[in-house]
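> Fold the following.
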Amino acid sequence: MSKILLVEDDEQLARNLIKFLTGEGCQVTHASGQTEGLAAFSAARFDCVLLDVSLTDGNGFAVCAAIRTASDVPVIFLTASADEACTVAGFEFGADDYIGKPFRPRELIARMKNAMRKHQRSSPELVCQDICIDPAKGTVTKGGNELFLSALEYRLLLVFLTNKNQLLSRDKLIDELWSVSSEFVSDNTLNVYIKRLREKIEDDPQNPVLLKTVRGMGYKAVDA
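So this is what the prediction gives:
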């Protein structure tokens with residue numbers, strides 16, 4: 001079952017799309033605005049994001065940009081703003097496709113499937129020691145056994161493994177978490193997530209060998 005995030009402020013259109021997509025076997029989470037959309041994205045993992053440009057409390061371009069800082073999940077704009085400038089802007093912010101309203105539901109399904117297939121083919125596994133992330137499936141395993149991480153724990157680990165063996169400052173990590181949670185992330189919040197992540201990925205969280213602290217500088221995922 002594909003998990004879809006629909007960010008759309010037209011309630012009637014949203015209801016119709018949810019009904020149609022559910023009938024096609026999708027699980028749909030609906031958000032009506034920028035803040036709600038980013039909160040929903042930070043709380044769960046999705047296979048595709050359907051996104052309007054004009055939102056009640058912001059715009060879809062900002063949502064797309066924030067998503068792209070943390071994930072390569074397919075993003076498809078659904079909008080009445082089908083002029084060339086908006087289309088180009090959508091792609092520049094990292095969208096995978098751009099569909100003008102009104103659109104044919106069957107065409108939407110076909111283009112969603114196409115975007116998700118491309119995503120699966122272009123998302124190689126990320127491995128560090130015995131930890132493996134499969135971005136296409138959104139799964140994390142340790143020694144072949146699946147780990148169950150929260151959405152922010154997953155994205156924090158994704159940042160570390162994408163930048164394996166590179167020093168990441170606390171400010172960099174806070175920026176990464178803040179961009180997808182849409183809420184201010186403090187030093188203490190980062191400490192909590194680092195601690196929780198180590199409890200799940202390290203054999204001995206008190207003496208970490210994968211997620212190392214570099215005193216006074218930040219953290220590093222070490223591929224020993």
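
> Show me how the record splits the protein into domains.
3-121, 126-221 (automatic domain parsing).

> any chance of the ones you listed in JSON lines, with mean neighbour count too?
For glycine as for every other residue, the C-beta is placed from the backbone atoms N, C-alpha and C. Shown next, in JSON lines, are the domains of the chain (neighbours: other C-beta atoms under 10 Å):
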{"stretch": "domain 3-121", "mean neighbour count": "18"}
{"stretch": "domain 126-221", "mean neighbour count": "16"}
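
> would TSV of these with mean pLDDT be doable?
Shown next, in TSV, are those (pLDDT from 0 to 100):
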stretch	mean pLDDT
domain 3-121	87
domain 126-221	87
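
> the helices in the protein, which residues?
Along the chain, counting by DSSP state H, helices occupy 11-23, 34-43, 60-68, 84-92, 105-121, 151-162, 170-181, 187-201.

> Identify all contacting residues around the fourth one.
Put plainly, it is helix 84-92. With contacts defined as C-beta atoms under 8 Å, 6 or more residues apart in numbering, helix 84-92 is touched by 53, 60-61, 64, 77, 79, 98.

> now do 6 Å
Contacts of helix 84-92 with the rest of the structure, by C-beta atoms under 6 Å, 6 or more residues apart in numbering, involve 77, 98.

> Then the third one?
Contact partners of helix 60-68, identified using C-beta under 6 Å, 6+ apart, comprise 34, 37-38, 51-53, 75, 93-95, 179.

> what about the residue nearest the centre of the chain, distance to residue 159?
Taking C-alpha atoms, centre = their mean, the centroid of the chain lies closest to residue 71, which sits 4.1 Å from it. With distances taken as C-beta to C-beta, to the nearest Å, residue 71 is found 11 Å from residue 159.

> go on, residue 222?
15 Å.

> Please export the alpha-carbon coordinates of stretch 212-220; PDB is fine.
What follows is stretch 212-220, C-alpha atoms only, in PDB (Å, rounded to 0.1, in the frame of the first residue of the first chain):
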ATOM      1  CA  LYS A 212      30.900   9.000  17.500                       C
ATOM      2  CA  THR A 213      31.100  12.300  19.400                       C
ATOM      3  CA  VAL A 214      33.900  14.700  18.300                       C
ATOM      4  CA  ARG A 215      34.400  16.800  21.400                       C
ATOM      5  CA  GLY A 216      33.600  20.500  20.900                       C
ATOM      6  CA  MET A 217      32.900  19.900  17.200                       C
ATOM      7  CA  GLY A 218      30.000  17.600  16.600                       C
ATOM      8  CA  TYR A 219      29.300  14.000  15.500                       C
ATOM      9  CA  LYS A 220      30.500  11.500  12.900                       C
END
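
> how close does the nearest residue to residue 143 once chain neighbours are set aside sit to residue 144?
Spatial nearest neighbour of residue 143, chain neighbours left out: residue 130 (4.6 Å); criterion: C-beta to C-beta, 6 or more residues apart in numbering. Note on residue 130: its distance to residue 144, by C-beta to C-beta, is 8 Å.
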